[in-house]
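Student: below: sequence and its predicted model.
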Amino acid sequence: MKWLSSKPYIAVELALMMLVLPYAIYEFHLIRYMIPILWGVAMYCAIVHRVTTGETLRQAWHWGEINRASLAPLLRRFAICAIFLTVATLVLLPERLFGFVLEKPAFWAVVMLLYPLISVLPQEVIFRLFFFERYKHIFKTQEMMILASGLAFGLAHIIFQNWVAPLLCAVGGIIFAMTYARRKSLALVSLEHALYGDFIFTIGLGLYFYHGSVKAIADVAQ
């Protein structure tokens, strides 16, 4: 299956996945199908990654990277970002601050548990594991890879039809890409992504992402 690794195929694949698909979801209001689409793309990425590199998802976890040396800077960075996000919510949406926790504590707890599983994991397979290996010949330096991964991650969130989600996710995507570039651990970067995502929903900014994974969890819960 050498055609999978041909430069023309990879270029078309990159354009379709990172540009055309988010725009199509945005333009045709397909947000209700986001989770099946997300998992479908993640499955494609996992299969292509396996065929072209020989690495399985199980091998990509690299659980040993979750250690004190890697967690300390990750948590320090998160603490700084958490303060900034909380202050921003307090200034811009004071009525929403911790509203999710206070109004629907049981559902909030369900989201905290399920969001990393149904949303974070497939996103990290796509935008970190697959992206970094698949497109390394296009974005040849580590700095370019980090920036490209972060911007692609932010662009994908135009599907929520507001400017806050893409902006936050572009910044978050660069942070996650930095972690992955250093550690090459799907486990560590998924943990970091889940930490930020759960915090955003907790402080009330989840309203900008509601029609995605949280809506899917709500539909199942009902």
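Tutor: Cool, got the structure. Residues are numbered from 1 along each chain as shown.
Student: where's residue 188 relative to residue 58, distance?
Tutor: Distance, residue 188 to residue 58, using CB to CB, to the nearest Å: 15 Å. Where you see a C-beta, it was placed from the backbone N, CA and C, and this is true even at glycine.
Student: in terms of neighbours, single out the busier of these two.
Tutor: In this view residue 188 and residue 58 are compared by other CB atoms under 10 Å, and residue 188 has more residues nearby, 25 against 7.
Student: mind giving me the packing neighbours of the one helix or strand the more buried one maps to?
Tutor: Following DSSP states H and E, one finds residue 188 within helix 186-203. Counting contacts by 3 or more CB pairs under 8 Å, 6 or more residues apart in numbering; DSSP states H and E, helix 186-203 packs against helix 68-92, helix 99-103, helix 105-115, helix 121-124, helix 164-183.
Student: most packed of these?
Tutor: helix 121-124 (a mean of 22; mean count of other CB atoms under 10 Å).
Student: pLDDT (mean, whole number) over that helix?
Tutor: Here helix 121-124 scores 98 as its mean pLDDT.
Student: what residues are up against residue 203?
Tutor: Counting by CB atoms under 8 Å, 6 or more residues apart in numbering, residue 203 touches 85, 86, 89, 97, 98.
Student: the helices and strands packed on helix 186-203: which one's closest to residue 20?
Tutor: helix 164-183 (16.3 Å; CB to CB).
Student: between that closest one and helix 186-203, how big is the angle?
Tutor: 150 degrees (axes from the mean of the first three to the mean of the last three CA atoms, to 10 degrees).
Student: the residue nearest to residue 19 when sequence neighbours are not counted: neighbouring residues, count only.
Tutor: Nearest residue to residue 19 in three dimensions, chain neighbours excluded: residue 155, at 7.3 Å (CB to CB, 6 or more residues apart in numbering). By other CB under 10 Å, the residues close to residue 155 number 17.
Student: contacts only, for residue 155.
Tutor: Residue 155 neighbours (CB under 8 Å, 6+ apart): 18, 19, 22, 166, 170.
Student: the same query, at a cut-off of 10 Å, please.
Tutor: 18, 19, 22, 23, 166, 169, 170, 173 (CB atoms under 10 Å, 6 or more residues apart in numbering).
Student: cool, and residue 90?
Tutor: 96, 97, 203, 204 are the contacts of residue 90 under CB under 10 Å, 6+ apart.
Student: kindly report the same for residue 5.
Tutor: With CB under 10 Å, 6+ apart, residue 5 has these contacts: 48, 51, 52, 53, 134, 137.
Student: the second one contacts residue 1, correct?
Tutor: Yes: counting by CB atoms under 10 Å, residue 51 does reach residue 1; the two are 6.0 Å apart.
Student: who has more neighbours out of these two?
Tutor: residue 51 (11 against 7).
Student: which residues touch the more buried one?
Tutor: Contacts of residue 51 (CB under 10 Å, 6+ apart): 1, 4, 5.
Student: how about residue 199?
Tutor: 78, 81, 82, 85, 86, 112, 205, 206.
Student: list the contacts of the fourth one.
Tutor: I take that to be residue 85. So residue 85 contacts 78, 168, 196, 199, 200, 202, 203, 204, 205 (CB under 10 Å, 6+ apart).
Student: likewise the fifth one?
Tutor: Taking CB under 10 Å, 6+ apart as the definition of contact, the neighbours of residue 86 are 97, 98, 199, 202, 203, 204, 205.
Student: next one: phi and psi at residue 141?
Tutor: Main-chain dihedrals, residue 141, degrees, to the nearest 10: phi -100, psi 160.
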